[in-house]
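> turn this into a structure:
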Amino acid sequence: AGGKRLGCSHTTVPPGKTAWPRHWHSSQEEAIYVLSGKGLMVLGDQATEIGPGSYVALLPGPQHAHQLWNLSDSDNLEYLCMSASPTEKSVEICGYPDSKKILAYSEAYGPRKFFREEDDVPYYTREGAAPPPAGVPL
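Residues are numbered from 1 along each chain as shown. Reported below is the predicted structural model:
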């Protein structure tokens, strides 16, 4: 209670499933602590089996794209996921390399928005050639 930037969630993943698609963060650091079950942590270009007591730090950046799978046929995978934003008003960008999506959000400034990588547009798209605002000397 009382924290401003540090969060923790308890997650239960059914057998053979994952809680989230493979993704990376631009500025948010995360960590996972496994409580029970057996998982496969995909981190960057490596995959490692993890289990109860395993701790994994997930650093920001595309090279640290990550996903955790439940390897069991019958048991749930349970873990704690801790995360911290650099500041209360940080803007976070997440990349989803498998689906080629980008997520942009800020808890302080508005809703989460997903974009497809192929939707990249030139800088001045939809900007028009409006005159300078009134009062701006020319």
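> where does this protein have low pLDDT?
In the predicted model of the chain, residues 1-2, 86, 88, 130, 138 satisfy pLDDT under 70.
> which residues touch residue 128?
Contact analysis of residue 128 by CB atoms under 8 Å, 6 or more residues apart in numbering lists nothing. For the C-beta atoms, the positions are set from N, CA and C on the backbone; glycine is no exception.
> give me the phi and psi for it.
With angles defined as degrees, to the nearest 10, residue 128 sits at phi 70, psi -170.
> ranges for the strands of this protein?
For the chain, strands defined by DSSP state E occupy the ranges 6-13, 24-25, 29-36, 39-43, 46-50, 55-58, 66-70, 77-84, 92-96, 101-106, 110-116.
> now for the fifth one, which elements pack on it?
If contacts are counted by 3 or more CB pairs under 8 Å, 6 or more residues apart in numbering; DSSP states H and E, strand 46-50 sits against strand 39-43.
> quick check: residue 11 touching residue 82?
No. Under the criterion of CB atoms under 8 Å, residue 11 makes no contact with residue 82, lying 11.3 Å away.
> what is the neighbour count of residue 16?
Counted with other CB atoms under 10 Å, residues neighbouring residue 16 total 12.
> residue contacts, it?
69-70, 72-73.
> and stretch 42-58, what's buried?
In terms of neighbour count (16 or more other CB atoms under 10 Å), stretch 42-58 has its buried residues at 42-43, 50, 54, 56, 58.
> and that stretch, how far out from the chain's middle?
Offset of stretch 42-58 from its chain centre (CA atoms, centre = their mean, to the nearest Å): 16 Å.
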